[in-house]
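Novice: got a predicted structure plus its sequence, pasted below:
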Amino acid sequence: MTAYPHLKENITALQSANPALYAWLSESPLDGESLKTSVFVNQWGLIDWRMPCGNGIFDALAPTQIYREWVDIEKPDLSATVIVGTNIGYGLNHILVNTPDTHKVLVLEPNPAVLLACLGQTDYRPFLANKKLHFIVPSDEYLMEVVKNLDLQYVYGKIYLRADVPSQQIGPEYALWMQTVKNRLENFSVEMVTLRLRQDVMVGNELKNYRRAAADGSLKSLKDSANGVGAVVLGAGPSLAKFAPDLAKNRGYALYVSALQTLPVLRPYDLKPDFCLALDYDDSMLTLYNRLDMDWAKDIPLIYSTKVNPEVVRRYPGPTLPLWTLGGLATFVLQDREFVLDAGGNVSVTLVRLLRWMGIGSILLAGQDFAWKGETTHAEGHHASAPLPFNPQSHQRLTNLWGEEIISSVQYLTSKRDLENDIKKSPFRIYNLYGGGVIIEGAPAVTLEEAVNEGCLSSAPGSKDLFLQKLAQARTPGQDICFEPRSHIWTSSFRNVEKRLAKLFKHNEANQVDIHNMLEQALFFVRQDPLYLPYLFNETLDLAGLAKTRRSYEPKDLMEFKRIGKNILAKVREVDRCVAGLGSHRAA
């Protein structure tokens with residue numbers, strides 16, 4: 001096929017370099033005859049893509065005018081560009097040849113025929129081989145995994161998102177994927193800021209909670225234990241005050257759950273949840289005890305993220321159960337022994353994910369506004385219910401289902417998108433008891449009367465009581481999970497590396513390659529032990545900055561390595577002190 005001179009070689013390269021994309025292309029229905037006529041030479045003598053109307057996407061504007069600014073970027077060697085839409089390859093090729101080899105280029109092309117046309121025009125094998133170029137399979141899960149690997153670009157460079165305007169003439173899927181990628185990058189930004197600033201606190205809390213968590217029991221036995229149960233997730237949005245009195249009078253037979261912070265909001269209505277969840281890791285959680293009726297809460301089970309402040313758990317008056325979450329100690333080493341949840345950054349999202357895993361039959365969202373009117377962001381009684389003036393830098397004005405103006409924030413809308421993505425995956429119905437907040441896609445807005453008629457407050461006979469019985473039984477201490485202490489190995493290894501680097505830095509100009517290789521080996525060593533890796537998040541990024549982002553090394557870089565190494569060894573010893581060598585059971 002002369003219109004696709006490089007297709008065969010590129011496809012062969014993708015088969016090994018990107019098996020997921022190769023599989024997607026192989027499974028996509030394609031019309032061979034249409035492919036032959038879609039690529040043509042237009043009136044300007046340029047290779048073009050013919051749309052169904054007969055026009056080429058470059059009939060009106062030459063490529064050179066469109067992509068000129070795409071390479072006007074800061075820190076190009078440390079940054080990444082994400083492109084939505086390839087067309088015949090003009091924009092992609094402009095980026096590839098006008099940025100350093102270390103600049104990452106990620107491309108999402110939702111139309112398999114267009115992607116084949118692009119792959120047919122240019123030999124991309126060198127860019128695939130040096131890992132400069134990566135094609136993204138158009139799926140939410142694949143996109144999420146790819147974006148997570150842009151941590152170095154986020155910290156040390158920038159991530160540029162480019163929409164291929166000519167491709168958007170082909171169909172609406174390009175604009176939709178552009179918004180999807182934009183949302184995912186925004187979520188990633190929020191996650192990275194949180195991890196960079198708070199990972200030490202969160203994992204530090206886990207270390208302090210480790211022994212108590214082992215003694216409190218395990219959620220593992222609760223998988224699919226809530227079959228037939230209808231659940232109500234009680235948020236603390238302003239609309240909760242509208243529905244709480246009626247829900248308290250007519251609970252139905254649903255399972256009610258809420259965040260721990262929401263308990264003081266629910267107390268005036270005597271709307272007691274069947275269990276509550278603590279997720280937030282910061283010290284502000286402790287202020288809820290200034291408002292909590294301890295006697296009222298003493299029979300409400302608390303499921304707590306192991307990342308919360310240990311004092312929050314210690315002061316809770318009722319029964320407690322630990323929840324291990326991704327990003328912490330359990331990420332790699334407890335997956336086979338415990339339930340480990342990808343919690344997200346919002347407690348309501350976490351509750352929905354937890355209920356899904358428990359096998360719940362339906363969910364009704366109440367007080368899940370993700371927005372507010374005026375200056376009241378939460379229902380009265382919540383620690384964040386004080387007036388909050390509009391801030392144009394972090395807030396935005398929206399319109400609710402009733403045509404009224406409401407206010408939301410980046411954090412709220414990020415959590416809403418996470419919830420909407422979860423709703424798409426849910427095999428059961430989720431309704432939104434609507435009180436004037438943002439519209440939650442996939443969760444139909446209903447009145448309380450409609451929710452009752454839809455059976456949202458109902459459960460299969462006996463299913464709720466059986467679940468609560470299993471929840472109580474889960475509070476049985478399991479066998480200790482302890483790990484072989486390894487801080488002595490880490491100390492010896494880092495001391496040897498430090499001595500070797502000190503010799504190399506005495507003549508650093510002549511030893512640039514050896515210094516780089518030594519730092520790469522140190523980074524590999526730090527990344528290879530899954531027990532310590534979550535606590536070393538910041539140090540790993542700092543060390544990666546030395547190993548991956550420097551073009552040359554100076555004596556001051558040795559001092560930076562020593563600083564990083566000192567922090568690493570202190571943290572490794574702390575992990576050993578808290579979780580290693582305890583009890584009778586040892587794990588590798």
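Specialist: That came through, no problem. Keep in mind that this is a model prediction, so the values were computed, not measured. Residues are numbered from 1 along each chain as shown.

Novice: any regions of the chain where pLDDT drops low?
Specialist: Flagging of the chain using pLDDT under 70 yields the residue ranges 1-2, 380-387, 390, 479-480, 581-588.

Novice: just checking, what's the longest helix in the chain?
Specialist: Longest helix in the chain by number of residues, with DSSP state H as the criterion: helix 173-216.

Novice: next up, phi/psi of the closest residue in space to residue 130 that isn't next to it in sequence, please.
Specialist: Closest residue to residue 130 apart from its sequence neighbours, by CB to CB, 6 or more residues apart in numbering: residue 101 at 5.7 Å. Every C-beta, even on glycine, is put in place using the N, C-alpha and C of the backbone. Main-chain torsions, residue 101, degrees, to the nearest 10: phi -60, psi -20.

Novice: ok, residue 101 to residue 77 distance?
Specialist: Separation of residue 101 from residue 77 (CB to CB, to the nearest Å): 8 Å.

Novice: check residue 550 too.
Specialist: The spacing between residue 550 and residue 77, counted by CB to CB, is 11 Å.

Novice: which helix or strand contains residue 244?
Specialist: Per DSSP states H and E, residue 244 falls inside helix 240-249.

Novice: run through who's touching that helix.
Specialist: With CB atoms under 8 Å, 6 or more residues apart in numbering as the test, helix 240-249 has contacts from 232, 234, 256, 262, 265-266, 269-271, 366-367, 379-380, 433, 435, 448.

Novice: buried ones among the residues you listed?
Specialist: By neighbour count, with 16 or more other CB atoms under 10 Å, these hold 232, 234, 256, 262, 265-266, 269, 271, 366-367, 379, 433, 435, 448 as buried.

Novice: looking at these, which are in helices?
Specialist: Counting by DSSP H, these place 265-266, 448 in helices.

Novice: just the closest of the residues you listed to residue 411, please.
Specialist: Sorting those by distance to residue 411 puts residue 265 at the head of the list, at 19.3 Å, by CB to CB.

Novice: isn't that closest one up against residue 292?
Specialist: No: look at residue 265 against residue 292 with CB atoms under 8 Å: they stay out of range, at 10.5 Å.

Novice: run the chain-centre distance for the strand or helix carrying residue 540.
Specialist: Under the criterion of DSSP H and E, residue 540 resides in helix 537-549. Centre-to-centre, helix 537-549 and its host chain are 21 Å apart (CA atoms, centre = their mean, to the nearest Å).

Novice: cool, and stretch 228-248?
Specialist: When distances are taken as CA atoms, centre = their mean, stretch 228-248 is centred 27 Å away from the chain's centroid.

Novice: re the thing from before, in JSON lines, list the ones in helices among the buried ones among the contacts of helix 240-249 along with distance to residue 176.
Specialist: Formatted as JSON lines, those follow (distance: CB to CB, whole Å):
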{"residue": "265", "distance to residue 176": "37"}
{"residue": "266", "distance to residue 176": "39"}
{"residue": "448", "distance to residue 176": "34"}
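
Novice: keeping just the C-alphas, turn the helix holding residue 244 into PDB.
Specialist: Listed next in PDB are the C-alpha coordinates belonging to helix 240-249 (Å, rounded to 0.1, in the frame of the first residue of the first chain):
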ATOM      1  CA  LEU A 240     -28.200  17.500  54.000                       C
ATOM      2  CA  ALA A 241     -30.200  19.800  56.300                       C
ATOM      3  CA  LYS A 242     -33.100  19.600  53.900                       C
ATOM      4  CA  PHE A 243     -33.300  15.800  53.800                       C
ATOM      5  CA  ALA A 244     -32.000  14.700  57.200                       C
ATOM      6  CA  PRO A 245     -35.200  15.200  59.200                       C
ATOM      7  CA  ASP A 246     -37.300  13.100  56.800                       C
ATOM      8  CA  LEU A 247     -34.600  10.400  56.500                       C
ATOM      9  CA  ALA A 248     -34.400  10.200  60.300                       C
ATOM     10  CA  LYS A 249     -38.200   9.700  60.600                       C
END
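
Novice: buried residues in that helix?
Specialist: Residues of helix 240-249 classed as buried: 240-244, 247 (neighbour count, 16+ other CB under 10 Å).
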